[in-house]
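Participant: Using only what follows, build the 3D model:
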Amino acid sequence: MATYTHTIDAKGRVIVPARLRGSFSGTLYLTKSLDPDYLAVYNEADFAELRRQLAALSGTDPNVRILRRELLGEAIACSPDSQGRISVDDGLWKQIGVGPGSEICFIDMFGKLEICSRETREAAQQSGPSLAEIDLSAYNLPGV
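Facilitator: Modelled structure (predicted):
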């Protein structure tokens, strides 16, 4: 688990960090994240599982329809080129307030990557609660 910073090139492409390419190769799916100012990147298997889980929910629930529309309807499929770059739609870059020349952070979150601007990451690190301030008692994490 780590954070990697890369710059978006003039064509809207960004290099997937070399250390992550083993888990995030082949077709990747980029979409909105549940958190504002972040995008989520899934490999094929994890995106298929997300689709399966969302398909199993009731389509009569308006919140489910919103979730499907925002996560699945906004998703784009892309494959890294020979240099490990992915091309991202300008609309998704705008979702997180970045464009060509911007620095972005890839955050490894197990089955997905999160992408945000470098400024968003730095602001979250400075203004968010410290680990000591978070009540972890509800999560049953004895090793933490």
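Participant: Phe106 falls within a helix, correct?
Facilitator: No - Phe106 is assigned strand when assessed by DSSP: H, G, I helix; E, B strand; the rest coil, not a helix.
Participant: In contact with it, which residues?
Facilitator: Neighbouring residues of Phe106 by Cβ atoms under 8 Å, 6 or more residues apart in numbering: Thr3, Tyr4, Thr5, His6, Val16, Pro17, Leu20, Val41, Leu113, Glu114, Ile115. Heads up, the C-betas are built off the backbone N, CA and C, glycines and all.
Participant: Run a quick neighbour tally on the fourth one.
Facilitator: Right, the one you point to is His6. Using other Cβ atoms under 10 Å, the number of residues around His6 comes to 19.
Participant: List the contacts of it.
Facilitator: Contacts of His6 by Cβ under 8 Å, 6+ apart are Val14, Ile15, Pro17, Glu103, Ile104, Phe106.
Participant: Looking at those, which has the smallest pLDDT value?
Facilitator: Within the contacts of His6, pLDDT reaches its minimum at Pro17, with 91.
Participant: From Val64, how far off is it?
Facilitator: To Val64, Pro17 is 33 Å away according to Cβ to Cβ, to the nearest Å.
Participant: now do Ala18
Facilitator: Distance from Ala18 to Val64, by Cβ to Cβ: 37 Å.
Participant: With Ser33 instead?
Facilitator: Ser33 is 18 Å from Val64, by Cβ to Cβ.
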